[in-house]
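Visitor: structure here, sequence nowhere to be found:
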């Protein structure tokens, strides 16, 4: 009889310790704010900790970039329900927002709602998460102890907060992958910091002078590289002498070009087609199969210059450049979670049950099945990673996916297991060959006509690759089967 009594007493004490504590949400971006909105609807108290000075700080760093997905898929349902009483109007569903649009028309108004504003602490960077009184080696009764969230303010003050649960929606911005091969910084990379321009520089705006008339190297094969390269092409038209070099590790850039008109997101397909045209016209010098082994920094006419040393299939190659845009992707900051018991895939660094669905080694598409708390759970009860950070090192994340993640997590934390398990996404059907391209509407906004589609086949009238489909209507088609392992597939893999 003594054992059940002891267990009951411990459970009661643990419940009392958690009662009245908030659910800490790390990050006041779109997914973090959506998490807070869903927590409130479930009767739970959120506390949102944002490292930046205002909500959406990371997005503001790439405010000049236009999203691939229209407004229809960028607004969370619970967030909209908080916004509607304030007189907010949903942006046109087919509009393609820039980062600035996303902040000004959605994130900032959402953060300013009476429900969320008093629950957001800006200038508060989470530097560690643990359990009160326990390190990660202690197992017995662990779930009965509150979380300890250590926070550092912009003034340098450090304090500890207690929470009943934690949702880490801090994203991966600011945690760029290095230029060097093998996942390590290249020799001399740290010394070349002065010529590094970040993954998404504002080439045509605030950073224009840094790029105009310069020798620019763009490294990477993702959408960030594509955006930067196309902006550099426009800059070179206006600023003669601007030279653009594009280096990728793969031996083929078919995956970067994508499916063209076959892409389920027409804006993204259009970018791939434009990039291919620029390379074929000689406006961009492409180096494939290139890995960076070292960088050598010297003084130049415009300040520091760097000689980049590549290893290529044809031998060693040296390129002297003035500025480098390292669009090499991002990786999650896991250091802050060191004292938690995590179940992460050893390669992708995403939750183990999610990783096989998004592993870029085998998938280059965003047709990820709807998933929620069960897929995202860790051995650390009450802790979840959501949003872009939940994808670890995989690149193809969509806001709509993050919104469904946090809806499910909030339901789980509230004890509504049925709602947590009932996950679904309202996204475009896969396998659609869209003839839509973005157009500038009369009001100056960029729109797509998502009614202009045809089923299957190639828009060019020739055989084309088939996008991956995982059930009807569960994800965007963003690429083709086999990911990196399929880069040397049939000639048709370049699309039309």
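Guide: On my side now, so go ahead. Remember, it's a predicted structure, so these values are computed and weren't measured experimentally. Numbers count the residues shown, from 1 in each chain.
Visitor: count the residues that sit near residue 30.
Guide: When neighbours are defined as other Cβ atoms under 10 Å, residue 30 has 28 of them. Backbone N, C-alpha and C define where each C-beta goes, glycine included.
Visitor: how much space between it and residue 402?
Guide: Distance, residue 30 to residue 402, using Cβ to Cβ, to the nearest Å: 7 Å.
Visitor: list residues touching both of these two?
Guide: By the contact definition Cβ atoms under 8 Å, 6 or more residues apart in numbering, residue 30 and residue 402 are jointly contacted by residue 387.
Visitor: quick one: residue 143 from residue 18, how far?
Guide: On the measure of Cβ to Cβ, residue 143 and residue 18 end up 9 Å apart.
Visitor: oh, I was asking about residue 27
Guide: 22 Å.
Visitor: the more surrounded of these two?
Guide: Remark: of residue 27 and residue 18, residue 27 carries more neighbours, 29 against 17, as counted by other Cβ under 10 Å.
Visitor: mind checking pLDDT for the more buried one?
Guide: Looking at residue 27, its pLDDT stands at 98.
Visitor: do residue 220 as well
Guide: So, for residue 220, pLDDT stands at 90.
Visitor: residue contacts, it?
Guide: Going by Cβ under 8 Å, 6+ apart, residue 220 touches 199, 248, 326, 327, 328, 329.
Visitor: distance of it relative to residue 229?
Guide: Using Cβ to Cβ, residue 220 is found at 9 Å from residue 229.
Visitor: likewise residue 81?
Guide: Distance from residue 81 to residue 229, by Cβ to Cβ: 40 Å.
Visitor: give me the more crowded residue out of the two.
Guide: Remark: of residue 81 and residue 229, residue 229 carries more neighbours, 27 against 14, as counted by other Cβ under 10 Å.
Visitor: hmm, that one is touching residue 219, no?
Guide: No: contact criterion Cβ atoms under 8 Å: residue 229 and residue 219 do not qualify, at 10.8 Å.
Visitor: which residue is nearest the middle of this protein?
Guide: By Cα atoms, centre = their mean, the mean C-alpha position of the chain lies nearest to residue 388, the distance being 4.1 Å.
Visitor: residue contacts, it?
Guide: 31, 171, 172, 173, 330, 397, 402.
Visitor: the third one falls within a helix, correct?
Guide: No: judged by DSSP: H, G, I helix; E, B strand; the rest coil, residue 172 forms no part of a helix; its state is coil.
Visitor: shift numbering so it begins at 50
Guide: Sounds good: first residue 50 from here, last item residue 221.
Visitor: what sits closest to it if chain neighbours are left out?
Guide: Among residues not flanking residue 221 along the chain, residue 379 sits closest, at 3.7 Å (Cβ to Cβ, 6 or more residues apart in numbering).
Visitor: does that neighbour have beta-bridge partners, and which?
Guide: residue 225 (DSSP bridges).
Visitor: residues in contact with residue 429?
Guide: Taking Cβ under 8 Å, 6+ apart, we find residue 429 in contact with 191, 389, 390, 391.
Visitor: contacts for stretch 214-224, please.
Guide: When contacts are defined by Cβ under 8 Å, 6+ apart, stretch 214-224 is touched by residues 72-76, 78, 80-81, 84, 100, 107, 110, 175, 178, 196, 198, 379-382, 386, 431-438, 451, 455, 458, 462.
Visitor: could you turn the buried ones of those residues into a PyMOL selection?
Guide: This is how PyMOL selects the buried members of the contacts of stretch 214-224, with burial counted by 16 or more other Cβ atoms under 10 Å:
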select buried, resi 72+73+74+75+76+78+80+81+84+100+107+110+175+178+196+198+379+380+381+382+386+431+432+433+434+435+436+437+438+451+455+458+462
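Visitor: from the contacts of stretch 214-224, which land in helices?
Guide: Among the contacts of stretch 214-224, DSSP state H puts 80, 81, 84, 107, 451, 455, 458, 462 in helices.
Visitor: and those as CSV, adding distance to residue 149 and pLDDT?
Guide: As requested, the ones in helices among the contacts of stretch 214-224 are exported to CSV (distance: Cβ to Cβ, whole Å; pLDDT from 0 to 100):
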residue, distance to residue 149, pLDDT
80, 18, 98
81, 19, 98
84, 23, 98
107, 13, 95
451, 20, 95
455, 24, 98
458, 29, 98
462, 33, 97
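Visitor: now the helix or strand that contains residue 359: buried residues?
Guide: Residue 359 belongs to strand 352-361 when elements are defined using DSSP states H and E. Applying a neighbour-count criterion of 16+ other Cβ under 10 Å, one finds 354, 355, 357, 358, 359 buried in strand 352-361.
Visitor: which other helices and strands does it contact?
Guide: strand 340-349, strand 364-370 (3 or more Cβ pairs under 8 Å, 6 or more residues apart in numbering; DSSP states H and E).
Visitor: any chance of a markdown table for those, columns mean neighbour count and distance to residue 419?
Guide: Conversion of the helices and strands packed on strand 352-361 to a markdown table gives the following (neighbours: other Cβ atoms under 10 Å; distance: least, Cβ to Cβ, whole Å):
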| stretch | mean neighbour count | distance to residue 419 |
| --- | --- | --- |
| strand 340-349 | 16 | 37 |
| strand 364-370 | 13 | 43 |
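Visitor: select, out of the ones you listed, the one closest to residue 305.
Guide: Residue 305 lies closest to strand 340-349 among the helices and strands packed on strand 352-361, at 16.7 Å (Cβ to Cβ).
Visitor: next, the contact list for residue 105, please.
Guide: Counting by Cβ under 8 Å, 6+ apart, residue 105 touches 77, 78, 79, 151, 152, 156, 157, 160.
Visitor: can we see that at 6 Å?
Guide: Residue 105 is in contact with 78, 152, 156, counting by Cβ atoms under 6 Å, 6 or more residues apart in numbering.
Visitor: next: residue 164.
Guide: 89, 131.
Visitor: what about it, distance to residue 210?
Guide: 20 Å.
Visitor: which SS state does residue 89 fall under?
Guide: On the basis of three-state DSSP, residue 89 is classed as helix.
Visitor: count of residues packed around it?
Guide: Using other Cβ under 10 Å, the number of residues around residue 89 comes to 18.
Visitor: need the pLDDT of it.
Guide: Reading off the model, residue 89 has pLDDT 98.
Visitor: and what of the one 5 residues further on?
Guide: Here, the pLDDT recorded for residue 94 equals 98.
Visitor: picking up where we left off before, JSON lines for the contacts of residue 105, including distance to residue 420?
Guide: What follows is the contacts of residue 105, written out as JSON lines (distance: Cβ to Cβ, whole Å):
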{"residue": "78", "distance to residue 420": "19"}
{"residue": "152", "distance to residue 420": "27"}
{"residue": "156", "distance to residue 420": "24"}
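Visitor: and those, which is closest to residue 91?
Guide: residue 78 (20.3 Å).
Visitor: which residues touch the closest one?
Guide: 105, 107, 220.
Visitor: mind putting those into a markdown table with distance to residue 347?
Guide: Putting those into a markdown table (distance: Cβ to Cβ, whole Å) gives the following:
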| residue | distance to residue 347 |
| --- | --- |
| 105 | 39 |
| 107 | 33 |
| 220 | 36 |
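Visitor: so where do the helices sit in the stretch 250-399 of the chain?
Guide: 257-260, 272-287, 303-306, 315-329 (DSSP state H, counting those that start in this stretch).
Visitor: which one of these lies closest to residue 425?
Guide: Shortest distance between residue 425 and these, using Cβ to Cβ, is found for helix 272-287: 24.1 Å.
Visitor: the closest one packs against which elements?
Guide: strand 264-268, helix 315-329 (3 or more Cβ pairs under 6 Å, 6 or more residues apart in numbering; DSSP states H and E).
Visitor: what residue ranges in the protein are flagged as low confidence?
Guide: 50-64, 307-320, 349-352, 411-416, 475-545 (pLDDT under 70).
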